[in-house]
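Participant: take this sequence and fold it.
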Amino acid sequence: MTDPGQPGPPGQPVRLEVVARFVDIATDALGDAREEIDALNVFPVPDGDTGTNMFLTMSTARESLRQVLREAGLGRIAGDAHAGPPVPGAVRPEHLVLALRALARGALMGARGNSGVILAQMLGAIAGHLERATPDVRAATLVAGSLAEATAASYAAVGEPVEGTILTVARAASEAATEAAAAPGARSRDVYVAAAAAARDALLLTPQQLPALAAAGVVDAGGRGLSVILDAAETALTGRRRLSGPVRLGHHQIPLPAPEPDGADAADQTATPAYEVMYLLEPTSAEAVAELRARLAEIGDSLVVVGSDDLWSIHVHVDDAGAAVEAGIAAGRPHQVRITHFDDSVHGHGGGHGHGRPGSHGAGTTRRTGRAVVAVSAGPGLAALFEDAGALAVPGGPGERPSAGLLLEAVRRTGAAEVVILPNDHDSLRTAEIAARTAEEDGDVEVAVVPSRAQVQGLAALAVHEPGRAFGSDVLEMTAAARHCRHGAVTEASKRAITSAGPCEPGEVLGVVMGDFAVVGQDRLGVAVEVLTRLLAVGGELVTIVGGEGSGDLAARLAAHVETVHPGVDVVTYDGGQPRYSLLLSVE
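Facilitator: The predicted model follows:
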């Protein structure tokens, strides 16, 4: 990826800063579109996790890239706001090579689901193509070639390619990129603009190519995810952020298949494999990988085998999960084995089962069971609220945010096979994701992070937590509850500063609306009323007020105001005991 306005380092027509910027934008964009993409997911299995899988895959790739940059002393490029800018000459060609390799390997290591594995293969192909670039290649030709190689790699990785999927969208994008690159004077940004536009057009045609999509009234979920990524590439190169258009991408509610009939009629029903099996493989040889691919094609479908040399990622849908794992053992050393029972994920009968890991298949370790929630709490009262709801509370909040190690220890302490982490703080979100990934790599546990950025969002998510349904469905419901919870807070300025609401002096009262300092005043109740008024501007049925340390009767006074001015809105108050914030507020 190049920036036409800036030359790359000697010997490389690619700028490291632009690569890192693209990865950041793409990861954040997938996070924002995660729920939407999950809701589109009906093919090949309606398990509602395509957006989550693509986001997690990209997140792991980003963290791998950032780690390499930090080790090279390029913290600012890695996204560390407090790191100083690189000194002139600090970015060397070998840094780009290391970063591209880290991006590819991180994606492969973190790949989740069919879509995540395909995305990892595409990122690996792009990274490899960029790494092999020579100084004489035109930037437009280089990026078009990388997209073409990514498309070819994605088709090669899939056992039986199906049109109307992410593959179709990838091909349309790469063909448009190749055509754009051939134009006289074409720049890399022109190539990505053309590719992103072609992906959006191809995405809207996927229901015409795949009957399952037409019947559900949606576009392909994986194709939508790829379109989001290409839009991110366009943004990284042009600075223009594309807004969602008026086109309705889908109207589908994922249906639960009818119970299979008893007796002979059951044999007439269209059968689908019972398990999704994924693992990383260190093969004994290239021939062993080929033999494994052939064996898995015999016993399953939705086969994706991607990787190179000493590490491969395997994905297949089968009825005999044990046979798929045994085939991997015959080919080399499989690890990070993940087995999901589709009856659990689609019908909602998971109850903590169906997410097998290496330790659950005779590895000699104590079997973890059930599901647990780990919640970061900013005060003793909040900790009590989380624990009363069944969560394991970890102290956190401003000034004492938990480390990844502390969250990892909490996950292990639950003893559960499935764990949900509620970071409940923007600055703890990345730490929680690192802890989750480490826990999954180290043990027999499935971990998901609900992106709650405020304590009250965590409370809202926990309120809809239901251990009896499938793990993925539970995480989706909790994520939706957190995101639909509008939140605010009341605190005091500790120093002179400029806020979105104007300048403030030490001791003045600040009102926070959705993470932004939006009100400056002298009276805590007056500021609280203004914050709540803004949160209720678009409606709401329930107001939650959490009083902080030393806030006295402020929560009760605000509750009385709600009951008087908004009689149709329910209100509940809690003593959270959190420092720094007199009140935490939410509207649902």
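
Participant: alpha carbons only for contacts and neighbour counts from here, please
Facilitator: Noted.

Participant: show me what contacts the residue nearest to Leu422 when sequence neighbours are not counted?
Facilitator: Spatial nearest neighbour of Leu422, excluding adjacent residues (Cα to Cα, 6 or more residues apart in numbering): Ala375 at 4.6 Å. By Cα atoms under 8 Å, 6 or more residues apart in numbering, the contact set of Ala375 is Phe386, Ala391, Leu392, Ala393, Val394, Ile421, Leu422, Pro423, Asn424, Gly458.

Participant: next one: Ala375 from Val520, what distance?
Facilitator: Spatial separation of Ala375 from Val520 under the definition Cα to Cα, to the nearest Å is 31 Å.

Participant: that's a helix at the residue nearest to Leu422, yeah?
Facilitator: No - counting by DSSP: H, G, I helix; E, B strand; the rest coil, Ala375 falls outside a helix, being strand.

Participant: who's it bridged to?
Facilitator: Bridge pairing for Ala375 (DSSP bridges) gives the partners Ala393, Leu422.

Participant: confidence score at it?
Facilitator: What the model reports as pLDDT for Ala375 is 95.

Participant: now do Thr499
Facilitator: Residue-level confidence at Thr499 comes out at 80, pLDDT.

Participant: please name the nearest non-neighbouring residue to it.
Facilitator: Once its chain neighbours are removed from consideration, Thr499 has its nearest residue in Phe517; the separation is 6.0 Å (Cα to Cα, 6+ apart).

Participant: near that neighbour, how many other residues are there?
Facilitator: By other Cα atoms under 10 Å, the residues close to Phe517 number 20.

Participant: any idea which helix or strand comes after the helix or strand containing it?
Facilitator: For Phe517, the element it lies in under DSSP states H and E is strand 516-521. Per DSSP H and E, the first helix or strand lying C-terminal to strand 516-521 is helix 524-535.

Participant: that following helix packs against which elements?
Facilitator: Packed against helix 524-535 by the contact rule (3 or more Cα pairs under 8 Å, 6 or more residues apart in numbering; DSSP states H and E) you find strand 486-492, strand 509-513, strand 516-521, helix 554-565, strand 581-587.

Participant: mind listing residues that contact that helix?
Facilitator: Identification of contacts with helix 524-535 by Cα under 8 Å, 6+ apart yields 486-490, 509-513, 518-521, 554, 557-558, 561, 583, 585-587.

Participant: again, only using 6 Å
Facilitator: With contact meaning Cα atoms under 6 Å, 6 or more residues apart in numbering, helix 524-535 is reached by Gly511.

Participant: same deal with stretch 110-123?
Facilitator: Contacts of stretch 110-123 with the rest of the structure, by Cα under 6 Å, 6+ apart, involve Asn53, Met54, Thr57, Thr60, Ala104, Ala107, Leu108, Ala150, Ser154, Gly222, Val306.

Participant: let's have those residues in TSV, adding pLDDT, neighbour count and secondary structure.
Facilitator: Converted to TSV, the contacts of stretch 110-123 look like this (pLDDT from 0 to 100; neighbours: other Cα atoms under 10 Å; DSSP: H, G, I helix; E, B strand; the rest coil):
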residue	pLDDT	neighbour count	secondary structure
Asn53	79	26	helix
Met54	88	32	helix
Thr57	85	25	helix
Thr60	86	24	helix
Ala104	89	25	helix
Ala107	85	31	helix
Leu108	80	29	helix
Ala150	92	27	helix
Ser154	87	26	helix
Gly222	91	29	helix
Val306	76	24	strand
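
Participant: nearest to Leu280, of those?
Facilitator: Within these, the smallest distance to Leu280 is 8.6 Å, found for Leu108 (Cα to Cα).

Participant: and the closest one, what does it touch?
Facilitator: For Leu108, the contact set (Cα under 6 Å, 6+ apart) comprises Ala120.

Participant: Val191 now?
Facilitator: Under the criterion of Cα under 6 Å, 6+ apart, the contact partners of Val191 comprise Ala177, Ala180, Ala181.

Participant: element containing the closest residue to it other than its chain neighbours?
Facilitator: The shortest distance from Val191 to any residue that is not its chain neighbour, by Cα to Cα, 6+ apart, is 4.9 Å, and that residue is Ala177. Using DSSP H and E, the element containing Ala177 is helix 166-181.

Participant: could I get the strand holding Phe517 in CSV with only the CA atoms?
Facilitator: Once non-C-alpha atoms are left out, strand 516-521 reads as follows in CSV (Å, rounded to 0.1, in the frame of the first residue of the first chain):
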residue,chain,number,x,y,z
ASP,A,516,-17.3,13.1,25.3
PHE,A,517,-17.1,16.0,27.7
ALA,A,518,-20.2,17.8,26.5
VAL,A,519,-21.3,20.0,29.5
VAL,A,520,-19.4,22.4,31.8
GLY,A,521,-21.2,23.9,34.8
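
Participant: which other helices and strands does that strand contact?
Facilitator: Using 3 or more Cα pairs under 6 Å, 6 or more residues apart in numbering; DSSP states H and E, the elements in contact with strand 516-521 are strand 509-513.

Participant: rounded mean pLDDT for the strand it packs on, please.
Facilitator: Over the span of strand 509-513, the pLDDT mean works out to 93.

Participant: before we move on, what about stretch 201-210?
Facilitator: 91.

Participant: contact partners of it?
Facilitator: Looking at what lies outside stretch 201-210 - Cα under 6 Å, 6+ apart - the contacts are Gly164, Val169, Leu213, Ala214, Val219, Gly223.
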